[in-house]
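**Student:** Fold the following.
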Amino acid sequence: MTAPASELTVTGSGVVLDSVPAMFPGLTWAGDELLASYSTVPDGWPGGTVGVVRSGDGGRTWSAPHTVAEPADGVDAVLNAVGMVTLSDGTVLLPYNGVRWTPGAGVGGRVISLHLLRSADGGRTWTGGEPIDPGFYWPGVYGRLLELPGGRLLWPIWGQRTAAERWRSALLESADGGHTWTTGATIGYDPDARLAGAYATPEVGGLGADGNPDVAHTTDPDFRPHSPIDGFTETTVLPTGDGRLLAVVRQQGVGGDDTMQLFRSESADDGATWTTPERIGFAGMSPLLHRAADGAVLLATRRFAPDGGPTPPGVEVRVSRDDGGSWSAPAPLRDPHGYQYTAEYQCGYPAMANLADGSVLTVFYSYAPGTGRFLAWNTVRTEAAR
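**Tutor:** Numbers count the residues shown, from 1 in each chain. The predicted model follows:
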């Protein structure tokens, strides 16, 4: 049975960070404070850094930004996306990528390295950041890291296991608290994935005529880069109530699909094997699975809203009462300034945390004309949490 859209209500909104460009947030409780991470550039454009802000009042107000990762020698940018988590022993892990651009090779020529910061004091100081080599050629960070009973860690990534293949959704595994990692199971892979048509050739893709990144384009309202590789990409994983793991996966061109349908897969053995991914029944990007305090599963996504189409851009949330078997109609999140988005990539990448009053804080990036991308927050409540 599909839950009604009215089961979820936005009860408040505001700004997390607008003093620097900010996007791709992560969100976690670190002791009695909320910690949000962010990146300053889209998709690894040169000059990007990773920072954090903190809140001691449930997300209403936030500290000044603090940079925690910068490009090292030979790296053009660093980029975080969503995956920050607090382990059961209080350790905060913050994954990020280093990005190096191959001259003239465009978006598909980015060379990716994998990194992980660690904090033992609630995100005030950090250690680590050295490159990690789990035997995965192009390991893009995205999904929130997952701690299983017994302490085993799963790290959802996406990218290319080898240089010649299409993108796949996969897991890294750690048995020592995240100090060492190995490549685990593949969740989804289509060796023939291809995205064709107008959507694969955006007018404002951020590249100059020489195939090199043009930083000036990243502030354009309709900036939207595209890589020619395609396949399964951003992956979010959540435990269900009966011992399974549920994954929701973004994709480009899987099975020749050009409508950006989301896929789902399940594991009954703690992530060792996964069912063949199948379409959920609706499109979306930057998926985020989250369990609310009342037991409902929330799925937050950016809408698939190509230029000139009937769907307006935005971020939306669906509710499931059967651990992802069925989903409600979407409820839209709102920009704190009342801005109506005009382009798809002006918003997205939600992250969530439960609040003491039963509501869910959702942080995502939004857009302000003349300012660019910034971090916004909404509080949402399910019917059962009222």
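**Student:** so where's this protein uncertain?
**Tutor:** 1-6, 385-386 (pLDDT under 70).
**Student:** try 90 this time
**Tutor:** Low-confidence segments of the chain, defined by pLDDT under 90, are located at 1-7, 73, 196-205, 209, 215-219, 226, 241-243, 307-309, 370-371, 383-386.
**Student:** pretty sure residue 216 belongs to a helix, no?
**Tutor:** Yes. Counting by DSSP: H, G, I helix; E, B strand; the rest coil, residue 216 is located in a helix.
**Student:** Kindly provide the distance from it to residue 342.
**Tutor:** Applying C-beta to C-beta, to the nearest Å, the value for residue 216 to residue 342 is 19 Å. In short, each C-beta sits where N, CA and C put it, glycine included.
**Student:** Looking at those two, which has the bigger crowd around it?
**Tutor:** residue 342 (14 against 10; other C-beta atoms under 10 Å).
**Student:** Please, where are all the strands along the stretch 51-200 of the chain?
**Tutor:** 66-69, 77-79, 85-86, 92-101, 110-119, 127-128, 138-141, 146-147, 153-160, 168-174, 182-189 (DSSP state E, counting those that start in this stretch).
**Student:** The stretch 201-350 of the chain too?
**Tutor:** Ranges of strands in the stretch 201-350 of the chain, per DSSP E, counting those that start in this stretch, are 231-239, 245-252, 261-267, 278-283, 285-291, 297-302, 315-320, 331-332, 348-354.
**Student:** Figure out which of those strands is closest to residue 78.
**Tutor:** strand 348-354 (16.1 Å; C-beta to C-beta).
**Student:** Next secondary structure after the closest one?
**Tutor:** Next along the chain after strand 348-354, taking DSSP states H and E as the criterion, comes strand 360-368.
**Student:** Strand partners (parallel or antiparallel) of that next one?
**Tutor:** Strand 360-368 pairs in its sheet with strand 348-354 (antiparallel), strand 372-382 (antiparallel), by DSSP bridges.
**Student:** Quick one, which of the ones you listed gets closest to residue 70.
**Tutor:** Checking the strands paired with strand 360-368 against residue 70 by C-beta to C-beta gives strand 372-382 as the closest, at 19.2 Å.
**Student:** and the strands paired with strand 360-368 as TSV, adding mean neighbour count?
**Tutor:** Rendered in TSV, the data for those read as follows (neighbours: other C-beta atoms under 10 Å):
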stretch	mean neighbour count
strand 348-354	23
strand 372-382	24
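**Student:** May I see the ones you listed arranged in CSV, with distance to residue 322 as well?
**Tutor:** Output for those, formatted as CSV (distance: least, C-beta to C-beta, whole Å):
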stretch, distance to residue 322
strand 348-354, 19
strand 372-382, 14
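**Student:** nearest to residue 191, of the ones you listed?
**Tutor:** strand 348-354 (27.6 Å).
**Student:** can you list the residues that contact the closest one?
**Tutor:** Contact partners of strand 348-354, identified using C-beta atoms under 8 Å, 6 or more residues apart in numbering, comprise 23-29, 34, 36, 59, 81-82, 84, 144, 285-286, 288, 290, 292-293, 298, 300-302, 315, 317, 333, 360-365.
**Student:** circling back to that earlier point, can the strands of the stretch 51-200 of the chain go into TSV with extra columns for distance to residue 256 and mean neighbour count?
**Tutor:** As requested, these are arranged in TSV below (distance: least, C-beta to C-beta, whole Å; neighbours: other C-beta atoms under 10 Å):
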stretch	distance to residue 256	mean neighbour count
strand 66-69	38	17
strand 77-79	29	26
strand 85-86	35	21
strand 92-101	28	24
strand 110-119	25	20
strand 127-128	41	12
strand 138-141	22	24
strand 146-147	31	20
strand 153-160	19	24
strand 168-174	17	25
strand 182-189	15	19
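**Student:** which stretch among the ones you listed comes nearest residue 231?
**Tutor:** Closest approach to residue 231 among those is made by strand 168-174 (6.1 Å; C-beta to C-beta).
**Student:** Check which helices and strands that closest one sits against.
**Tutor:** The helices and strands touching strand 168-174, judged by 3 or more C-beta pairs under 8 Å, 6 or more residues apart in numbering; DSSP states H and E, are strand 153-160, strand 182-189, strand 231-239.
**Student:** between these, which one is nearest to residue 106?
**Tutor:** Judging the helices and strands packed on strand 168-174 by C-beta to C-beta, what sits closest to residue 106 is strand 153-160, at 15.7 Å.
**Student:** Who are the packing partners of the closest one?
**Tutor:** If contacts are counted by 3+ C-beta pairs under 8 Å, 6+ apart, strand 153-160 sits against strand 138-141, strand 146-147, strand 168-174, strand 231-239.
**Student:** Lovely, talk soon.
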